[in-house]
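> Sequence and predicted model, in that order:
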Amino acid sequence: MLRHLIQPLDFTTEEFEILFGLADDILQNPKKYSEVCKGKLLASLFFEPSTRTRLSFESAMLRLGGSIVGFSDAKVSSTAKGESLTDTLRTVENYADIAAMRHPKEGAALLASKHMTTMPIINAGDGGHQHPTQTLTDLMTIRHYKNRFDNLTIGLCGDLMFGRTIHSLVRAMNRYENVKFIFISPNELKMPKQFLDEIDPENYIETTSLSDVIGDLDILYMSRVQKERFVSEEEYVRLKDFFILDNEKMRHAKDDMIVLHPLPRVNEISTEVDNDKRAVYFEQARYGMFVRMALIMFLLNLEV
Amino acid sequence: MLRHLIQPLDFTTEEFEILFGLADDILQNPKKYSEVCKGKLLASLFFEPSTRTRLSFESAMLRLGGSIVGFSDAKVSSTAKGESLTDTLRTVENYADIAAMRHPKEGAALLASKHMTTMPIINAGDGGHQHPTQTLTDLMTIRHYKNRFDNLTIGLCGDLMFGRTIHSLVRAMNRYENVKFIFISPNELKMPKQFLDEIDPENYIETTSLSDVIGDLDILYMSRVQKERFVSEEEYVRLKDFFILDNEKMRHAKDDMIVLHPLPRVNEISTEVDNDKRAVYFEQARYGMFVRMALIMFLLNLEV
Amino acid sequence: MLRHLIQPLDFTTEEFEILFGLADDILQNPKKYSEVCKGKLLASLFFEPSTRTRLSFESAMLRLGGSIVGFSDAKVSSTAKGESLTDTLRTVENYADIAAMRHPKEGAALLASKHMTTMPIINAGDGGHQHPTQTLTDLMTIRHYKNRFDNLTIGLCGDLMFGRTIHSLVRAMNRYENVKFIFISPNELKMPKQFLDEIDPENYIETTSLSDVIGDLDILYMSRVQKERFVSEEEYVRLKDFFILDNEKMRHAKDDMIVLHPLPRVNEISTEVDNDKRAVYFEQARYGMFVRMALIMFLLNLEV
């Protein structure tokens, strides 16, 4: 049966285990997998630019021995000539074996996937909506450092209102036993009620102070406050510096706490923190590539 | 001898047969050809964007085991610095084994080809002029479904005045025995006289009604009415909806008629037709990739 | 130890010899090297467009059997979201084995290289500053035709004030014995004093007449007068045509003089000269690809 990855929770926790187990094996034995996608084509369809995500997918496919066709910008696509998204994807299905697709419209990947007969679609971000491979990346990193998804206290800091990667990560982690969430944000950017309602009230608290809670955390997930979310420049400047992580705050954190960030970072993590061994946000990008390799294999039903 | 493909009729009907025979064999035995271009480079030189054509060429080369260098947009090329097209191509000839080139100026591919000593040039579209691999795609699709090029009645519908793919297809089909053309268009967009003059008057008719003639057709070739051809928005809107193909019209067509379209489609074919087995325009894109694979092999003198 | 190529003279003359010897062997036995980079990824990071340089690097990597990820334009990169260059490069380091980087800011490649732990950086041009692989290309071409770097008289003609490739070539050639420089330019575009000061006064002369000196040259290095350097259109037009090379001037040159040009050429070399066997500027682009192949192998410590 043709499978896609449209939303972060399209896979069961059992499927997550298969995926992360495979990603881990690829990480440890890259040579073993270096030709598993030989002769296969990934369509890299970025209807809006996202260099980081695109490079991760393309590197993943190339490191499996596959090839890439695609575009990195909407202006270059046929939709500029009035073509429907469905038609574009049905055409690409003739060329490629699997597609990673980024689109500014919510639901674009889901719509496209409904018309496919042979080509799995990976949602590489659709508007402010879903970005499931970022969630896989976050989980893979947690699994690598903590070796479990249960019995963890995770702090989520910054823009909790608009941060789609945070919403998805919370939902994914909430599927495991005894996970405590600490939501750290200015009042203007609090976690939306619809997401809080899904969590047992005993399993979360909300706070406006990173310093007060950092000592309790196993994981600190920092997020960027996106300029484009704010109505005025002043409002942006006032809020973005609110919850900056620096060495002083890190002094109060556990020795084995890890700091995650989906990147790009602007200034919400001071660069002085980069040299702290607990800062693993650059390594995180690396785990993202490996989990995408596993995902491509999984959706193409490939084994070594 | 160095060969190029600049115009649709650069190849004889005998060479067409070699090409389509090879394309057919690749289609049936893709594995056999998956490394035939190993170590070869295709320069994908798109001085204006054309995602569909570019992806088809690049997929073709990659599925032969070759690699791609190039650009998808004029702004990114050295011609922006005042370099002549000839100089750009002579430089690229040092890097690549074969080139697919799209350019907004008529005659650009021909000019470039005259200065090459080792690198075959494939014209991937030059202005409103020629687009020979679209013609190869159309013919390959006809051959696949009809198993012949002679004794066919083909209807061409839509913008017959400016549609270069239609002009080329008519010329190519007119080389075969007993091919009847039915030209279906509004009076404002009729087939130009210069093309009609090449056809035996007994072998074509002109009409403004798709419904009247659809029952006679073995092949219906639909075409997009390009917005950019019209002087006013009103004129465009009035004409573009004139000859829309829908299920009601399809009821009167033969059971084995096939519907072709070079794509992208806007609304000249209602999406309800997509599910009709006679609608083969998405499959057509697939045959386009296979015929481009054959073409690359042909121009590089490669065999398996 | 992790090595980068940031400035043209980062390598000793002994290392140059290793590099050019390797490039020469690749040129003569390309098959031997066609899989040496299998499984390796080059990050092609062009924060400003430079098609010629980019295609040369990408062709080089592909001809070694490696793969490419990257971007050809700043607008498409994460720096647009306010990310620091260092963060971008640290992320890319997770995906790629080696990077070629072009950036409009002087010193960008050097800054990036300081934060790398596994990925060699090749400076593919930083602002008006350095472009070391062009220098390697120039030297490789000289070595190919002259079989030596010493005892040569080299004329440098055109924009000597702003031409970074000329500054670098002069510094590189000045490391060899008995190299004479003849600087040919309008007074407004003379070689800057800081570069002249590094040369033994007996080893150079300055002139405003190409015709007067062309007969003495073993090598004539022509350069483009870049429009963007001038304050007014009139000033540009007046100066750019000053030192045009044509067949009449070539009549007075030695039979074995070679004409180099970094390309793109606008009109400083008349196209009639292209057919002269001494005009080797298109071949030069080819040697550039081979020396980049050698460079990639050198920095990745690869051998066959």
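Noted; the coordinates are in hand.

> Just confirm residue A:141 contacts residue A:283, I think it does.
Yes. Because the distance of 7.1 Å satisfies Cβ atoms under 8 Å, residue A:141 is recorded as touching residue A:283. The C-beta positions use only the backbone N, C-alpha and C, and glycine is treated the same way.

> Looking at the two, which one has more neighbours?
Remark: of residue A:141 and residue A:283, residue A:141 carries more neighbours, 23 against 16, as counted by other Cβ atoms under 10 Å in any protein chain shown.

> Let me know the secondary structure of that one.
Of the three states, residue A:141 takes helix under DSSP: H, G, I helix; E, B strand; the rest coil.

> What are the boundaries of the helices in the stretch 1-150 of chain A?
Per DSSP state H, counting those that start in this stretch, the stretch 1-150 of chain A carries helices over the ranges A:13-28, A:51-63, A:85-92, A:108-113, A:132-146.

> Return the distance of the fourth one from the chain's centre.
On the basis of Cα atoms, centre = their mean, to the nearest Å, helix A:108-113 is displaced by 18 Å from the centre of the chain it belongs to.

> pLDDT of it, averaged?
Confidence over helix A:108-113 (mean pLDDT, whole number) is 96.

> Packing partners of it?
helix A:85-92, strand A:98-103, strand A:121-126 (3 or more Cβ pairs under 8 Å, 6 or more residues apart in numbering or on different chains; DSSP states H and E).

> Which residues in the longest one does the neighbour count mark as buried?
By 16 or more other Cβ atoms under 10 Å in any protein chain shown, the buried positions in helix A:85-92 come out as A:85, A:87, A:88, A:89, A:90, A:91, A:92.

> Skipping adjacent residues, who's closest to the fifth one in space?
With Cβ to Cβ, 6 or more residues apart in numbering or on different chains as the measure, residue B:282 is the residue that lies nearest to residue A:90, at 4.9 Å, once sequence neighbours are left out.

> Does the one you found belong to a helix, a strand or coil?
Applying three-state DSSP: residue B:282 is helix.

> tell me which strands and helices the helix or strand of chain A with the lowest mean pLDDT is in contact with?
Using mean pLDDT, DSSP states H and E, helix A:233-240 stands out as the lowest-scoring helix or strand of chain A, at a mean of 73. Secondary-structure packing of helix A:233-240 (3+ Cβ pairs under 8 Å, 6+ apart): no helix or strand packs against it.

> Tell me which stretches of chain A form strands.
Applying DSSP state E to chain A gives strands spanning A:41-46, A:67-71, A:98-103, A:121-126, A:152-157, A:179-184, A:204-207, A:219-222, A:258-260.

> Can you tell me which of the helices of the stretch 1-150 of chain A is most buried?
helix A:51-63 (a mean of 26; mean count of other Cβ atoms under 10 Å in any protein chain shown).

> ok, is that one in contact with chain B or not?
No. Helix A:51-63 lies out of reach of chain B by Cβ under 8 Å from any Cβ of the partner chain, never closer than 11.2 Å.

> Is that helix positioned near chain C?
Yes. Using Cβ under 8 Å from any Cβ, helix A:51-63 comes into contact with chain C via A:51, A:52, A:55, A:56, A:58, A:59, A:62, A:63.

> any idea how chain A splits into domains?
A:8-130+A:286-299, A:133-284 (automatic domain parsing).

> re earlier: name the nearest of the residues of helix A:51-63 next to chain C relative to chain B.
residue A:62 (11.2 Å; Cβ to the nearest Cβ).

> Contacts only, for the nearest residue to the closest one once chain neighbours are set aside.
Spatial nearest neighbour of residue A:62, excluding adjacent residues (Cβ to Cβ, 6+ apart): residue C:67 at 4.2 Å. Each residue near residue C:67 by Cβ atoms under 8 Å, 6 or more residues apart in numbering or on different chains is listed here: A:62, C:40, C:41, C:42, C:61.

> Excluding covalently adjacent residues, which one is nearest to residue A:45?
residue A:101 (4.4 Å).

> residues near the residue of the stretch 101-250 of chain A found nearest chain C, how many?
Here the residue of the stretch 101-250 of chain A nearest chain C is residue A:227; by Cβ to the nearest Cβ that distance is 7.4 Å. Burial of residue A:227 is recorded as 13 neighbouring residues (other Cβ under 10 Å).

> rewinding a little: who does the residue nearest to residue A:62 form a beta bridge with?
residue C:41 (DSSP bridges).

> That one and residue B:251, how far apart?
51 Å (Cβ to Cβ, to the nearest Å).

> my guess is residue A:34 meets residue A:63, correct?
Yes. Taking contacts as Cβ under 8 Å, residue A:34 lies within contact range of residue A:63: 6.8 Å.

> any common contacting residues for these two?
residue C:39.

> low-confidence ranges in the stretch 151-300 of chain A?
Where the stretch 151-300 of chain A drops to pLDDT under 70, the residues are A:228-230, A:239-242.

> Which parts of it are helices?
Under DSSP H, counting those that start in this stretch, the stretch 151-300 of chain A gives helices at A:164-173, A:193-196, A:210-213, A:233-240, A:247-250, A:281-299.

> what residues are up against the residue nearest to the spatial centre of chain A?
Centroid-nearest residue in chain A, with Cα atoms, centre = their mean: residue A:134, separated by 0.9 Å. Shown in contact with residue A:134 (Cβ under 8 Å, 6+ apart): A:53, A:125, A:165, A:168, A:262, A:288.

> I am assuming residue A:132 contacts residue A:7, so please confirm or correct that.
Yes. Between residue A:132 and residue A:7 there is a contact under Cβ under 8 Å: 5.9 Å.

> Give me the nearest residue to residue A:5, chain neighbours excluded.
Residue A:5's closest residue in space is residue A:122 (Cβ to Cβ, 6+ apart), at 4.9 Å.

> Kindly report the residues of chain A close to chain C.
So chain A meets chain C at A:31, A:34, A:49, A:51-52, A:55-56, A:58-59, A:62-63, A:65, A:72-73, A:227, A:263-266, A:271, A:282-283, A:285-286, A:288-289 (Cβ under 8 Å from any Cβ).

> count of residues packed around residue A:212?
Residue A:212, neighbours per other Cβ under 10 Å, totals 12.

> From chain B, how far off is it?
51 Å (Cβ to the nearest Cβ, to the nearest Å).

> Repeat that for residue A:61.
Taking Cβ to the nearest Cβ, one finds residue A:61 at 11 Å from chain B.
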